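> no sequence for this one, just the structure:
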RNA sequence: GGCCCUAUGGUGUAACUGGUUAACACAUCACCCUUUCAAGGUGGAGAGUACGGGUUCGAGUCCCGUUGGGGUCACCA
């Protein structure tokens, strides 16, 4: 198996899914997963793209057995380092009459296309170069005339493809163009390079996006002309924008790096992307990587394109986040703190651990451990007006004073103590606990929502609670 | 436009080789729980399976046609 991206700067989520399916299939079948860099387009090279790609792949946990930075049996893994190989096979194709040199100028090709377009003809190369005599070719080559190598497609044949996902697909060779195999700069095109490499690297299953389906017959022809056995093909459905067009940058984030930066967990991203076009018969939703490996099968990949629905990703993120052990959340949270406004005063571990448990069911992202409960890290800067209006009663002042009074008498109060004194007051005065709970929460946190009050009070601690209530008593009025 | 792929609620999917009122999850709404907010639980609304024919006792599942969507037609991958 292999994942063969071109280094254009970032890893597209569609690419992530392709990589994932390849990875899962390889792991499931005890095969190898190879990373190959397809950098044969010199015009689109992006500085540092390969490193970035590798880093991202590493982050999501798709480790490959062999790749540019992980030498193995079938290297090199970067196409620009395999040029002689492509040349060798191109020459073999030419020698066998299955490919040929062509010397057409871009202008002539453009004119040809314009003519064909105007006359509603199939746009294809007209095989003009095939009329050249052997001597003419020799001479042009000797003169160093710019040239390409084209695939010689005979018309009137049928190419049958048995796609694992789509079943049998047929193409007429008449509509297949004499694809350029070697460009005039000496680099191969994707078609040649990918076939040569897949064969030489022993790739048994080609799993790639559906956008490759229509050029597959060209690849099949190459295998045939080279006398090589065909690999299995599986063309994955595309990932779509909400308007059903191909997933693009214009309508949101498409780079894995973007989602990482936004705080999505790799577990959630992997889980989500796995479910875009694949499912188990019981419709299970939550998977860890090892479970995906266990369950995955190409036969259960859906055929139609899938819309990238961010709401479900958010839900999955919350699910995976909640599953994490406290220790792991702690280190992630501390990392998050470094980039927050509290970077200079990061609370100690014990304190954060309490918050983690109190907030666990209330957050979907790590950063929300900070954003959703700033009152754990600083005193309220104000009090929610709507909550004051709704919860602050005539007796609130007095009740809170009473609460503070009793709290002061307790040495080292535990969570139960905070509850006990509240219940006592409520019972003695024959009022509902809510009469106390809501003003208390407001006084101490400034807002009307959050973890259970007793948790809240206990975490803040006796001194802080007393201090905050006293401050609130001077500030809240109605 | 040619060729190819494709079509189940708003979204992602399920429904063994055709056989009960088309299931699950996300989102949405209501209720319960917790005197908060979440999480959790329960229930509701939401598709008669793009449309039209046909085969069959019976079709989301098979066949034909139509329509919609997508991909591809580069010296890009």
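In hand now; what should we look at? Not measured: the values here are computed from a predicted model. Numbers count the residues shown, from 1 in each chain, chains lettered A, B, ... in the order given.
> near RNA strand B, anything from the helix or strand where residue A:135 lies?
Using DSSP states H and E, residue A:135 falls within helix A:134-142. No: if you take Cβ under 7 Å from any atom of the strand as the test, helix A:134-142 misses RNA strand B, and the best it gets is 12.5 Å. Quick note: C-beta positions are derived from backbone N, CA and C, even for glycine.
> so what's the residue of chain A found nearest RNA strand B closest to, chain neighbours aside?
For chain A, the residue closest to RNA strand B is residue A:432, as judged by Cβ to the nearest atom of the strand, at 2.1 Å. Residue nearest to residue A:432 in three dimensions, not counting chain neighbours: residue A:426, with 6.7 Å by Cβ to Cβ, 6 or more residues apart in numbering.
> and the one you found, what is it in contact with?
A:432, A:433, A:435, A:436 (Cβ atoms under 8 Å, 6 or more residues apart in numbering).
> phi, psi of the second one?
Looking back up the chat, that one is residue A:433. phi -60, psi -30 (degrees, to the nearest 10).
> following whichever helix or strand residue A:55 is part of, which helix or strand shows up next?
Using DSSP H and E, residue A:55 falls within helix A:49-60. Where DSSP H and E defines the elements, the next helix or strand beyond helix A:49-60 is helix A:83-95.
> elements contacting the strand or helix carrying residue A:473?
Element membership for residue A:473 (DSSP H and E) is helix A:462-475. Identification of packing neighbours for helix A:462-475 by 3 or more Cβ pairs under 8 Å, 6 or more residues apart in numbering; DSSP states H and E yields helix A:396-408, helix A:434-445.
> other residues contacting the longest one?
By that I understand helix A:396-408. A:413, A:418, A:421-422, A:424-425, A:429, A:435-436, A:439-440, A:443, A:462, A:465-466, A:469-470, A:472-473, A:476.
> buried residues in the helix holding residue A:473?
Going by neighbour count (16 or more other Cβ atoms under 10 Å), the buried part of helix A:462-475 is A:462, A:465, A:466, A:468, A:469, A:472, A:473.
> ok, now stretch A:187-201?
Of the residues in stretch A:187-201, those buried by neighbour count under the rule 16+ other Cβ under 10 Å are A:187-199, A:201.
> which bits of the stretch 351-478 of chain A sit near RNA strand B?
Along the stretch 351-478 of chain A, the residues adjacent to RNA strand B under the rule Cβ under 7 Å from any atom of the strand are A:361-362, A:426, A:431-435, A:437-438, A:441, A:448-453.
> in terms of helices and strands, where is the residue nearest to residue A:223 when sequence neighbours are not counted?
Closest residue to residue A:223 apart from its sequence neighbours, by Cβ to Cβ, 6+ apart: residue A:230 at 5.2 Å. Under DSSP H and E, no helix or strand contains residue A:230.
> equivalent analysis for the one 3 residues further on, please.
Under the assignment given by DSSP H and E, the secondary-structure element containing residue A:233 is strand A:232-236.
> list the helices and strands that strand packs on?
Using 3+ Cβ pairs under 8 Å, 6+ apart as the contact test, the elements touching strand A:232-236 are helix A:13-28, strand A:158-163, strand A:205-209.
> just checking, what packs against the last one?
Based on contacts counted as 3+ Cβ pairs under 8 Å, 6+ apart, the elements that strand A:205-209 packs against are helix A:13-28, strand A:232-236.
> can you name the residues in contact with the following helix or strand past that strand?
Moving toward the C-terminus from strand A:205-209, the next helix or strand (DSSP H and E) is helix A:216-226. By Cβ under 8 Å, 6+ apart, the list of residues contacting helix A:216-226 from outside reads A:89, A:92-93, A:96, A:98-99, A:151, A:153, A:159, A:161, A:169, A:171, A:173, A:176, A:179, A:181, A:191-192, A:194-196, A:199, A:229-230, A:233, A:235.
> also near RNA strand B: which of the residues you listed, exactly?
Among those, proximity to RNA strand B is found for A:169, A:171, A:191 (Cβ under 7 Å from any atom of the strand).
> can you flag which of those residues belong to strands?
Among these, DSSP state E puts A:169, A:171 in strands.
> out of the ones next to RNA strand B among the contacts of helix A:216-226, who's nearest residue A:3?
Nearest to residue A:3 among those: residue A:191, at 18.0 Å, using Cβ to Cβ.
> so the closest one touches residue A:179, yeah?
Yes: contact criterion Cβ atoms under 8 Å: residue A:191 and residue A:179 qualify, at 5.5 Å.
> give me the common contacts of those two.
Contact with both residue A:191 and residue A:179 is made by residues A:151, A:215, A:218, according to Cβ under 8 Å, 6+ apart.
> what helix or strand does the residue nearest to residue A:432 sit in?
Per DSSP H and E: residue A:426 is located in helix A:415-429.
> and the angle for that helix with helix A:396-408?
130 degrees (axes from the mean of the first three to the mean of the last three Cα atoms, to 10 degrees).
> and the angle for helix A:415-429 with helix A:462-475?
Using the same axes, to 10 degrees: helix A:415-429 against helix A:462-475 is 40 degrees.
> which SSE is immediately downstream of the helix or strand harbouring residue A:359?
Here residue A:359 sits within helix A:349-359, counting by DSSP H and E. Downstream of helix A:349-359, the next assigned helix or strand under DSSP H and E is helix A:368-371.
> could you point out which element follows that next one?
Per DSSP H and E, the first helix or strand lying C-terminal to helix A:368-371 is helix A:385-391.
> quick one: that following helix to chain centroid distance?
Mean-position distance between helix A:385-391 and its chain equals 43 Å (Cα atoms, centre = their mean, to the nearest Å).
> what is that helix packed up against?
Using 3+ Cβ pairs under 8 Å, 6+ apart, helix A:385-391 is in contact with helix A:434-445.
> helices along the stretch 201-350 of chain A, start to end?
Along the stretch 201-350 of chain A, counting by DSSP state H, counting those that start in this stretch, helices occupy A:216-226, A:256-261, A:266-274, A:289-295, A:310-323, A:326-338, A:349-359.
> same list as before, those helices that is, but in JSON lines and with mean neighbour count and mean pLDDT included.
Formatted as JSON lines, those follow (neighbours: other Cβ atoms under 10 Å; pLDDT from 0 to 100):
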{"stretch": "helix A:216-226", "mean neighbour count": "19", "mean pLDDT": "97"}
{"stretch": "helix A:256-261", "mean neighbour count": "18", "mean pLDDT": "96"}
{"stretch": "helix A:266-274", "mean neighbour count": "23", "mean pLDDT": "97"}
{"stretch": "helix A:289-295", "mean neighbour count": "16", "mean pLDDT": "96"}
{"stretch": "helix A:310-323", "mean neighbour count": "17", "mean pLDDT": "96"}
{"stretch": "helix A:326-338", "mean neighbour count": "15", "mean pLDDT": "96"}
{"stretch": "helix A:349-359", "mean neighbour count": "17", "mean pLDDT": "97"}
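> about what we covered before: relative to helix A:266-274, how tilted is the helix holding residue A:55?
Here the directions of helix A:49-60 and helix A:266-274 differ by 100 degrees (the same axes, to 10 degrees).
> who touches helix A:49-60?
Contact with helix A:49-60 is made by A:3, A:5, A:7-11, A:16, A:19, A:35, A:37, A:39, A:63-64, A:67-69, A:78, A:256-257, A:260, A:266, A:269-270, as judged by Cβ under 8 Å, 6+ apart.
> spit out the contact partners of residue A:337.
Counting by Cβ under 8 Å, 6+ apart, residue A:337 touches A:343, A:346, A:370.
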